[in-house]
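Trainee: sequence-free structure coming up:
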């Protein structure tokens, strides 16, 4: 029926199949680029984190988290790209279950962050207080604290 109204090819199922396939390919390509960006961000963070005098535990946890998530996203999106391009159902299923697993993990992390909100805020406040003590002594800490305060006021 849609083929008649929108002047699509006579074989509508083939058109919609190609449309879905192209949109899935575009989505997995964007995920691939996002995964590579996360990996590059993690290395940039380790390199630039020295300028902000952060604890090694904070630098390592941010580096590890962004690197692992970026690498997993990249691997899953490559599986999705190859599954879409070569029409391999096994690779497409790996992509599907991997994305579902990442969504479940993400939702559980959101739930944990919401339930431990006070502890997280206390930890963030202790880090911020440490920066405030070093505010007068270090120009890098001063610029970091000023940028955070200006961002908070704008929000």
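Mentor: Alright, I've got the coordinates. Treat the numbers as computed from the prediction; the structure is a model and nothing was measured.
Trainee: show me which parts of stretch 83-94 are buried, residue by residue.
Mentor: By 16 or more other CB atoms under 10 Å, the buried positions in stretch 83-94 come out as 83, 84, 91, 92, 94. From N, CA and C alone the C-beta is placed, and that goes for glycine too.
Trainee: ok, which pair from those is furthest apart?
Mentor: 84 and 94 (12.2 Å; CB to CB).
Trainee: which one of the buried residues of stretch 83-94 is nearest to residue 101?
Mentor: residue 94 (10.4 Å).
Trainee: quick one: that closest one from residue 22, how far?
Mentor: 20 Å (CB to CB, to the nearest Å).
Trainee: with residue 106 instead?
Mentor: 26 Å.
Trainee: what's the answer for residue 125, then?
Mentor: 48 Å.
Trainee: do residue 84 as well
Mentor: The spacing between residue 84 and residue 22, counted by CB to CB, is 9 Å.
Trainee: again with residue 43
Mentor: Using CB to CB, residue 43 is found at 33 Å from residue 22.
Trainee: same deal with residue 68?
Mentor: Using CB to CB, residue 68 is found at 30 Å from residue 22.
Trainee: try residue 77
Mentor: Relative to residue 22, and taking CB to CB, residue 77 is found at 16 Å.
Trainee: ok, now residue 32?
Mentor: Separation of residue 32 from residue 22 (CB to CB): 15 Å.
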